[in-house]
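>>> pasting the sequence and the predicted coordinates here, then a few questions.
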Protein chains: 2
Amino acid sequence: MEFLSGLKEKDTWELSQLTGEKIGSTVKVNGAVHAVRDMGTVAFVILRKREGLIQCVYEEGTARFALKDVREAATVEVTGRLEASEKAKGGIEIRMEAIRILSMPAASLPLAISKWKLNTSLEAKLNYRSVSLRNVRERAKFQIQEGLVRGFREFLYQQGFTEIHTPKIGAKGAEGGSNLFRLDYFHRPAVLAQSPQFYKQMMVGVFDRVFETGPVFRAEKHNTKRHLNEYTSLDFEMGYIDGFEDVMAMETGFLQFAMDFLRENYKSPLQILEVSLPETNRIPAVRFDEIKEKVAAKYGRKIKNPFDLEPEEELLIGQYAKEEWKSDFVFVTHYPSKKRPFYAMDDPEDDRFTLSFDLLFRGLEVTTGGQRIHDYTMLIEKLKKRGMSEEGMEQYLDTFKHGMPPHGGLGIGMERLAMQLLGEENVRETTLFPRDLSRLEP
Amino acid sequence: MEFLSGLKEKDTWELSQLTGEKIGSTVKVNGAVHAVRDMGTVAFVILRKREGLIQCVYEEGTARFALKDVREAATVEVTGRLEASEKAKGGIEIRMEAIRILSMPAASLPLAISKWKLNTSLEAKLNYRSVSLRNVRERAKFQIQEGLVRGFREFLYQQGFTEIHTPKIGAKGAEGGSNLFRLDYFHRPAVLAQSPQFYKQMMVGVFDRVFETGPVFRAEKHNTKRHLNEYTSLDFEMGYIDGFEDVMAMETGFLQFAMDFLRENYKSPLQILEVSLPETNRIPAVRFDEIKEKVAAKYGRKIKNPFDLEPEEELLIGQYAKEEWKSDFVFVTHYPSKKRPFYAMDDPEDDRFTLSFDLLFRGLEVTTGGQRIHDYTMLIEKLKKRGMSEEGMEQYLDTFKHGMPPHGGLGIGMERLAMQLLGEENVRETTLFPRDLSRLEP
C-alpha cells in the first residue's frame, strides 16, 4: 500500500539539462551504447539519448570498470565528470567513472546505425525498422513528422476547430468504389474507412469546424513510390464558408504556422537533415484546365486527356510554379467533376468542373479538398445522376435533410507532406511502418 | 490565377469576440437556427455557434424580413445591433435587422435538440447522431473528450515523448488470441491491431519515450455498458524505468495535468455538464491480492477466484478507495500472470504475479499498464512456457535481440475515461460513433 503523488524526480540527466553550469560536477546519464571507438590509450563511448548523442571518455585509472564490458547496443547508466570539450558535439563530454549495465543485446546489430548516413537499401531499412531508426538521421525524419502533425492540431485548435475521433470500421466507404478493404464484422460485411469524410461532414453541423488526424485505408493495387495502402490523413472540415477559397486560405495558414512551428521547436532534426523550409507567404492558385495548357505550351507537351492529370504533368506543374511564381506549392483548382466524388460541389458556371482543389508540393499532390454539397436535394440528385444507391448512407444523407451550413474541407497525406519537405524519393522513407502490396510486416 | 496569402479576415463575429465593447454597434453573426420562440409581439431566434448559443430578438419594424422565413435548423447570417440584456445568456443579445439564409433544411428535426436535456433514449441518440449532438449538453461531452486527449498529448510532449503513428493492419495481434478482426490483405491473411503494443515497444529503442492516440479494434463478443469493439486508445511507452511505479507516476502526472488543463481551457463545457473534477494529488496503489481481501472483509463478500476480478469487485474496490482513502482513483497492482499477455514482466519475487497494474476510476478499469520484459532470452522463454509460436513476431522479437532498455507503458481507454469523468452510465454516451455487436452505422 502506497500513494502516487505525481512525477518522480530522477537522478539522471537529459542532454538539454547538461549545460555549461554543470561543468566539473559529477553527473549520471543513461542511454544506449551507440558506438564504442577504442583509440588505444583512450576510448570513446557514444551514448544515444532521445535528444541526441553524448560522448563519454573511457580511460583506465579514471574508469572503475573494464572497457570490454561496454557493448554496442547495450543500455547503460554512466556516472562521471562533465567536462568541456571543443571536439565533442555540443561542447561537452563525460569522463567515465562508473557504469551500470541496464541491458545487454543478444546479437550484434544487422546495420551500421552509428554511421552518419545509414548506407543501406530501403528494403533493409524497412525490414529492420526498429534498428534502422536508431540511426540519428533516420530518426530525425519522424521527429519532423511529429512537428507537422502537432503544428496541424495546434493551428486548428487556435482557429476554433474541435478534434474528433471517427470509426474506421463502417458499413460503406465515403468515395464508394473498389478501393476498400473488406472484413467480416460479426457476420456482417464491413469496410475500412478510406477517409473520415462522411463523419467530419456530419460533425460540421455540430461543431462548425472539426478535424481528425488518423489512419485511412486504401486497397489500391498501385505499387509506386508515392502510394501507401494505409496512411495518416490530416483532415479538416469547416462550415460557414463563402467558397472553397476559404479552405485554401485555411491550409495556407496551416502551412505558414507549421513552418514557423518547426523552425522554433524542431531545430535539431532540421539541422541534422539540413532541411530548408519552403516559403509559404504567397501560394499560387491556378485552374486545372489553365495550368494544363500553360505546362503544355511551356514544356512542349501534348495534352492527352483534358480531364486528367498524369504524374509527369504534376511534376511539370511543380516546375512551372517554381520557375514562374517562385513557389514550392501550387493550388490546382476546379478539378473535373468526373474525377471527384459525388459529394463535391460542382461549379455552377460549368458543371464539368468542381469547386475543388489539389495542393501540389514540389510537384506531388499532398492535399485534396474543396467545397461540398450542403443542400439535401442537390446531393440526392447528384447521387442519382451517378447511378449510386443511398444504401448504407442513410444517416449521412439525413444529416443534410436536417440542415447543414455551406462547408468544405480537405485531407492532407501526412507521410507525403513529410516526404516532400525532406526531399525523399519514396514515401516509405517517411512512413514508420509502411503497408503496401508486398509489405504487411513489421 | 490568384495567390493565397493565408487566413482571410471575415466580417462575421464569433461569440467570444462579442464582448461588452461592441454593445450598441451593428454586428454580423452566422449560425444554425437552434430554436424560434414566438411570443406574439416579439420573437426570440436562438442561434447555435461552436462556442455556444446567442439570443437574437425579432421585432416587426426593426427586422426587415418576415419571421416565417426563419426556420429551425436553417443556417443563417444575422445582421443587427448588439445589446446588453440581463435575461439573455452571456448578458448580450442581437436585435435583428437583416438576415441572409445560407441553407434550409428539407425536413423537420427528429429530436427536440433545443431542450436543455435531450429527453430521448440512447438508441435514438445514436441513430440520429448528427442531430442529437447538436444539443448543447450532448455536444459538450465531446468538447471535454477533446480536452482529455489534448491534455494527454500536451503533457507527454513536455515530458520528452515522441508521437508515433503505427499501422492498424498487421500480420499478428499483440495479445494473440481470438479477439481479432480478420481481413484479406491482397490475398494474405491480416488482422486489425488490438493495440499498438509491439510498435510502441519497438520504438522505445529509438525514441526512449513514445506515445500514440489512435483507434484499436477488439472483436470481443461482449455486449455491456463498458465495452466497445473499436475505441480510441491513449498509449504510451517509456524506457529507462526503475520499475512499473515510474509508469504509474507518469500516469498520475498526466491526470493532474489533464484536470488542470480542463479547468483552464474547457470552462464552458465543464459548466454545462456540471462536472466536478476529481482530486488527483494522491492516488492509492494497492496489490491485487491485498485489495481483494480488503474488499471481501469490508463488504462481506466471498472470494470466488483469487486470480480474477469481477466487474462487481471493481465497483467495490472503487467504493473502498473512496471510503478509506478519499480517492476516485486507485491503482491495483501485481495482476496475476495468467491474466496478462506474454510480454508482461513477472514479479521476480513471485512469478504468479506481474509487475503491472490497472487504474480504476470510480470503480471502472480505465487503464492497463506495467513493466514489459526487455531481455531477449527471458522473452523467448516466456513464449515457450505459454506454448506460443514466434511466427509473425520475428521483427518484434529481433528488437529485443538488438538491445532494449528496461521499459513499461500503458493504454488508457479514452471513451471510458470520459465516461467516468462525466458520470455516464454507458460508454456509448461518450463515443462519437460507437461500434458494438449490433452497431456498424452511422
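Perfect, I can see it now.

>>> tell me the SS of A:Val206?
Recorded secondary structure, A:Val206: helix (DSSP: H, G, I helix; E, B strand; the rest coil).

>>> count the neighbours of it for me.
A:Val206: 26 surrounding residues under other Cβ atoms under 10 Å in any protein chain shown. Every residue, glycine included, has its C-beta placed from N, CA and C.

>>> mind pulling up the pLDDT for it?
Per-residue pLDDT puts A:Val206 at 98.

>>> from what I see, it and B:Ser132 are in contact.
No - A:Val206 is beyond contact range of B:Ser132, at 9.1 Å (criterion: Cβ atoms under 8 Å).

>>> for whatever residue of the stretch 251-400 of chain A ends up closest to chain B, what are phi and psi?
Closest residue of the stretch 251-400 of chain A to chain B, Cβ to the nearest Cβ: A:Gln395 (3.2 Å). Backbone geometry at A:Gln395, expressed as degrees, to the nearest 10, gives phi -70, psi -30.

>>> one more: the one 4 residues further on?
Backbone geometry at A:Thr399, expressed as degrees, to the nearest 10, gives phi -50, psi -40.

>>> contacting residues for it?
With contacts defined as Cβ atoms under 8 Å, 6 or more residues apart in numbering or on different chains, the neighbours of A:Thr399 are A:201-202, A:205, B:130-131.

>>> output those residues as TSV; include the columns secondary structure and distance to A:Leu53.
Formatted as TSV, the contacts of A:Thr399 follow (DSSP: H, G, I helix; E, B strand; the rest coil; distance: Cβ to Cβ, whole Å):
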residue	secondary structure	distance to A:Leu53
A:Gln201	helix	47
A:Met202	helix	48
A:Gly205	helix	51
B:Ser130	helix	51
B:Val131	helix	56
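
>>> extract the CA atoms of stretch A:299-310 and return them as CSV.
Taking Å, rounded to 0.1, in the frame of the first residue of the first chain, the C-alpha atoms of stretch A:299-310 are listed here in CSV:
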residue,chain,number,x,y,z
TYR,A,299,7.4,22.4,-72.0
GLY,A,300,6.2,21.4,-75.5
ARG,A,301,3.9,18.7,-74.2
LYS,A,302,0.7,17.4,-75.8
ILE,A,303,-2.4,17.3,-73.7
LYS,A,304,-3.5,13.6,-73.9
ASN,A,305,-6.6,13.9,-71.7
PRO,A,306,-8.1,17.3,-70.8
PHE,A,307,-9.8,15.7,-67.7
ASP,A,308,-6.9,14.0,-66.1
LEU,A,309,-3.5,14.9,-64.6
GLU,A,310,-0.7,12.4,-65.1
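
>>> give the buried residues for it.
Buried positions in stretch A:299-310, judged by neighbour count with 16 or more other Cβ atoms under 10 Å in any protein chain shown: A:Leu309.

>>> repeat for stretch A:53-65
The neighbour-count check on stretch A:53-65 (16+ other Cβ under 10 Å) flags A:53-58, A:63 as buried.

>>> inside strands: which ones of these?
Mapping the buried residues of stretch A:53-65 onto strands (DSSP state E) picks out A:53-58.

>>> mind putting those into CSV with pLDDT and distance to chain B?
Formatted as CSV, these follow (pLDDT from 0 to 100; distance: Cβ to the nearest Cβ, whole Å):
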residue, pLDDT, distance to chain B
A:Leu53, 96, 13
A:Ile54, 96, 13
A:Gln55, 97, 18
A:Cys56, 97, 16
A:Val57, 97, 22
A:Tyr58, 97, 19
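
>>> what residues sit buried inside the helix or strand containing A:Thr79?
Using DSSP states H and E, A:Thr79 maps to strand A:75-84. Judged by neighbour count using 16+ other Cβ under 10 Å, the buried positions of strand A:75-84 are A:75-82.

>>> identify the farthest-apart pair in the residues you listed.
With Cβ to Cβ as the measure, no two of the buried residues of strand A:75-84 lie farther apart than A:Thr75 and A:Arg81, at 21.5 Å.

>>> quick one: which of the buried residues of stretch A:53-65 is nearest A:Lys267?
Set against A:Lys267, the nearest of the buried residues of stretch A:53-65 by Cβ to Cβ is A:Leu53 (15.8 Å).

>>> residues in contact with the strand holding A:Thr79?
Applying Cβ under 8 Å, 6+ apart, the set of residues contacting strand A:75-84 from outside is A:12, A:18, A:20, A:22-33, A:45, A:47, A:56-57, A:62, A:70, A:91-103, B:239-240, B:403-406.

>>> which of the residues you listed fall in strands?
Counting by DSSP E, the part of those found in strands is A:26-33, A:45, A:47, A:56-57, A:92-103, B:239.

>>> from those, list just the buried residues.
Buried among the ones in strands among the contacts of strand A:75-84 by 16+ other Cβ under 10 Å: A:27, A:29-33, A:45, A:47, A:56-57, A:92-96, A:99, A:102-103, B:239.

>>> for the stretch 1-150 of chain A, which residues are neighbours of chain B?
Neighbours of chain B within the stretch 1-150 of chain A, by Cβ under 8 Å from any Cβ of the partner chain: A:1-8, A:12, A:14, A:30, A:32, A:49-51, A:73-75, A:102-107, A:109-110, A:127-131, A:133-134, A:139, A:142-143, A:145-146, A:149-150.

>>> am I right that A:Gly160 is in contact with B:Glu14?
Yes - if you go by Cβ under 8 Å, A:Gly160 and B:Glu14 touch, sitting 6.7 Å apart.

>>> identify the contacts common to those two.
Common neighbours of A:Gly160 and B:Glu14 (criterion: Cβ under 8 Å, 6+ apart): B:50-51.

>>> tell me the mean pLDDT over the helix or strand containing A:Arg150?
A:Arg150 belongs to helix A:136-158 when assigned by DSSP H and E. For helix A:136-158, mean pLDDT rounds to 98.

>>> partners of A:Ala98 in the sheet?
A:Thr79 (DSSP bridges).

>>> now the strands for the stretch 101-250 of chain A?
Ranges of strands in the stretch 101-250 of chain A, per DSSP state E, counting those that start in this stretch, are A:162-163, A:169-170, A:182-185, A:188-192, A:209-217, A:230-239.

>>> a markdown table for these, including mean pLDDT and distance to chain B?
Converted to a markdown table, those look like this (pLDDT from 0 to 100; distance: least, Cβ to the nearest Cβ, whole Å):
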| stretch | mean pLDDT | distance to chain B |
| --- | --- | --- |
| strand A:162-163 | 98 | 5 |
| strand A:169-170 | 95 | 6 |
| strand A:182-185 | 95 | 4 |
| strand A:188-192 | 95 | 6 |
| strand A:209-217 | 98 | 5 |
| strand A:230-239 | 98 | 5 |
